[in-house]
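1. I'll drop the sequence and a predicted model, then ask my questions.
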Amino acid sequence: MSPQELATRIRNGVRMEREDFTGMQLGGLDLSGGMFSECRFAQASMAGSRLDDSVFERCNFDGAVLSAARLDGVSFLRCSLAQVEADASHWPRAVVAESDLKNARCADAELAETVFHDCELHGASLERARLAKAIFNGSRLGNASLRDATVASAVFFRVDLREAGLQGARFHNAVFSEADLSGQSFAGQSLELCQFADARMSGCVFEDARLPQCNFKGAMLDGARMARVHAPQSLFPEADLRGADFREATLDHSLWIDALLGGADFSGASLTQSVFHRTRCENARFARSRLDYADFSYADLRGASFEKATFLRTQMHRADLAGSHWSDRIGVLDNDPALHEAERAAWQRPTRAARLDRDAHGRMLTDEKNTR
């Protein structure tokens, strides 16, 4: 079948099944809207071709050339695109599912709203690619390169990025939900408004990075290096930050409720109006830090160091301060009068009719109490 005959059949709506186009010169052809099943395009030259809204099922593109091709809305289902050359190609709204893209080259590609579901991208190159609203769901990116890529509003869900090259990439409003980024380095990079909920990030390097308004809820950041990071209004509730380094970091208006901060170093950090309710800060260091209006209510601060720290109405309501170290306590409020009064009033509230599974204060009874 000649290239011209193929283009004619596609225009006439003919479905292609089990056809072999290996090594064919298909560059510049318009194959938009084609339906292909179990066809072979290995080593085919398709540079500059149009494949808009085409559907490829169980097709083989190993080693094919798709440079500058247009693949708007294309679908690849269970296809092999290993070592495909697709530099400067356009993939907006494309869907790639259960496909093999090992060592694929997509440098400078446009991947807006592209979806990669359960794909193999080991060794793939996405350098300088534009990934606006792209989705990587359960895909493997071992040794893939996203160097200098622009990643905006993209989602990486349950993706292993431990070996991916992310140097120079710019992230804005990206989501790394339950992703594995352990040991990755984002030093000096910008990651504004990014979400790292429940991500694995042990030993990550964020030194000198910009992380304003990022969310690290439930993330594992033990041993993370975040010296001089700029992360105002960031959220760290329930995160594991044991042994993390936040020296000289800007963390004003940040939230750390129920976080694990044992042995963390905040020396010289700015933590104005930050909230540390119920945090575990055993042996943490806050030397020379700025803690104006910070709130450590109910925190475990045993053995913590506050030497030469600056305080201004800093709350320590019911905090455990056993063995903590201070140069002075000027500006520290050991008890919040309003909160103390609210607690007292709650406990003195008159007994009221209660459900069988609750006490007089409305709290759930334990199984032990219910069995008595």
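-> Good, I have the coordinates. Residues are numbered from 1 along each chain as shown.
2. list the buried residues of stretch 117-131.
-> For stretch 117-131, the neighbour count (16 or more other C-beta atoms under 10 Å) marks 117, 119-131 as buried. Every C-beta, even on glycine, is put in place using the N, C-alpha and C of the backbone.
3. ignore what I typed, I meant stretch 89-103.
-> For stretch 89-103, burial by neighbour count (16+ other C-beta under 10 Å) applies to 89-103.
4. just the ones of the residues you listed in strands?
-> Among these, DSSP state E puts 95-97 in strands.
5. now do the helices in this structure.
-> Per DSSP state H, the chain carries helices over the ranges 3-11, 337-347, 367-370.
6. if we can go back for a sec, determine which two of the buried residues of stretch 117-131 are furthest apart.
-> His117 and Arg128 (23.7 Å; C-beta to C-beta).
7. Phe266 contacts Phe246, doesn't it?
-> Yes. Phe266 sits in contact with Phe246 when judged by C-beta atoms under 8 Å, with a separation of 4.8 Å.
8. OK, contacts around Leu51?
-> Contact criterion C-beta atoms under 8 Å, 6 or more residues apart in numbering gives 31-32, 34, 69-71, 74 as the residues in contact with Leu51.
9. correction: the previous question concerned Arg200.
-> 179-182, 219-220.
10. show me where pLDDT drops low in the chain?
-> 336-372 (pLDDT under 70).
11. how about a cut-off of 80?
-> Scanning the chain for pLDDT under 80 picks out the ranges 1, 335-372.
12. any idea which residue sits dead centre in it?
-> Centroid-nearest residue in the chain, with C-alpha atoms, centre = their mean: Phe176, separated by 1.9 Å.
13. dump the contacts of Leu51 to CSV, plus distance to Leu301 and neighbour count.
-> Shown next, in CSV, are the contacts of Leu51 (distance: C-beta to C-beta, whole Å; neighbours: other C-beta atoms under 10 Å):
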residue, distance to Leu301, neighbour count
Leu31, 66, 22
Ser32, 65, 19
Gly34, 66, 24
Ala69, 60, 29
Arg70, 60, 19
Leu71, 56, 29
Val74, 57, 25
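14. strands - which of these land there?
-> Short answer: these have none in strands (DSSP E).
15. mind putting those residues into a markdown table with distance to Ile330?
-> Conversion of the contacts of Leu51 to a markdown table gives the following (distance: C-beta to C-beta, whole Å):
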| residue | distance to Ile330 |
| --- | --- |
| Leu31 | 75 |
| Ser32 | 73 |
| Gly34 | 76 |
| Ala69 | 68 |
| Arg70 | 67 |
| Leu71 | 65 |
| Val74 | 66 |
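16. roughly how far does the closest residue in space to Leu166 that isn't next to it in sequence sit from Tyr298?
-> Of all residues not flanking Leu166 in the chain, Leu146 sits nearest, at 5.4 Å (C-beta to C-beta, 6 or more residues apart in numbering). To Tyr298, Leu146 is 41 Å away according to C-beta to C-beta, to the nearest Å.
17. between those two, tell me which one has more neighbours.
-> The residue with more neighbours, out of Leu146 and Tyr298, is Leu146; 24 against 18, by other C-beta atoms under 10 Å.
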